[in-house]
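Asker: okay, predicted coordinates and the sequence, questions at the end:
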Amino acid sequence: MNRRHLFTLLCTALAGGWLAQAQPSPRPNLFVSAAASTPQDRTPYTISVDVTVENRGQADSPAGNLELVLKPAGSSANKPKSDGPTMWDPVVEAQPIEPLKPGAKKVIHFSTPYSANSAFKNRTGSFKCNNIEATGGDVTVTMTATIK
C-alpha cells in the first residue's frame, strides 16, 4: 500500500470516528393533545376540554403559554350580523405552562361556554354543541391546542 492510500484510509477512519461521536444536543419535544368531555351524571351537559402536554424529548422544556382555540363551523349565512362578539366567534383561552422535565406530563382543564344534548367523553379534534344555533341544532366546534 502506498503512502497516499494509507493517508486517505487514516483520514477516512478518523473522520468516521469523529462523525460517529457527534451527537445532537438534547432538546425538548412537546406533544399536545386536547379532549372534550361532558359530565356523565348530571345535566345540563356543559362541555369542558382537558389539554395534555407531555415532554417526549431529552431536555427540560421552556415555560410557555398553552393556547386553546375553539372554532364553531358554519356558513356565513348562519352567523348573525353583530357589532359585538357572538357564540359564532372563535373562543381563544390561554394558560401558562411551567417547564416540564423529560417524560413529564401535565393536564390543563378549560371550561367552555358550550353545551351538548347528550353526554360524551374524550372527543378529540371536534365536538358538537347545541347552544350556538338559534334553533338549538348541533354545530361542530373544532379544537386546536398549541404552545406559544
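Answerer: That came through, no problem.
Asker: hey, where'd the strands end up in this structure?
Answerer: For the chain, the strands defined by DSSP state E cover 30-37, 45-55, 64-72, 91-97, 105-116, 126-129, 139-147.
Asker: out of those strands, which is the most enclosed?
Answerer: Highest mean neighbour count among the strands of the chain (mean count of other C-beta atoms under 10 Å): strand 126-129, with a mean of 20. In this view, the C-beta of every residue, glycine as well, is placed from N, C-alpha and C.
Asker: re earlier: okay if I get the strands of the chain as CSV plus distance to Ser82?
Answerer: CSV is the format used below for the strands of the chain (distance: least, C-beta to C-beta, whole Å):
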stretch, distance to Ser82
strand 30-37, 26
strand 45-55, 23
strand 64-72, 14
strand 91-97, 15
strand 105-116, 16
strand 126-129, 19
strand 139-147, 16
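Asker: turn the ones you listed into CSV, including mean pLDDT and distance to Lys81.
Answerer: Shown next, in CSV, are those (pLDDT from 0 to 100; distance: least, C-beta to C-beta, whole Å):
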stretch, mean pLDDT, distance to Lys81
strand 30-37, 96, 29
strand 45-55, 96, 26
strand 64-72, 96, 16
strand 91-97, 95, 20
strand 105-116, 95, 20
strand 126-129, 94, 21
strand 139-147, 95, 18
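Asker: next, the distance between the ends of stretch 90-103.
Answerer: With C-alpha to C-alpha, to the nearest Å as the measure, stretch 90-103 spans 32 Å from end to end.
Asker: who touches that stretch?
Answerer: Defining contact as C-beta atoms under 8 Å, 6 or more residues apart in numbering, one finds that stretch 90-103 is touched by 28, 30, 53-72, 106, 108, 110, 112-113, 147-148.
Asker: ok now that stretch, how far from the chain's centre?
Answerer: 9 Å (C-alpha atoms, centre = their mean, to the nearest Å).
Asker: please shift the residue numbers so they start at 528 in all later answers.
Answerer: Yep, numbering from 528; the last one is stretch 617-630 now.
Asker: Thr669 contacts Gly652, doesn't it?
Answerer: Yes. The pair formed by Thr669 and Gly652 meets the contact definition of C-beta atoms under 8 Å, at 6.8 Å.
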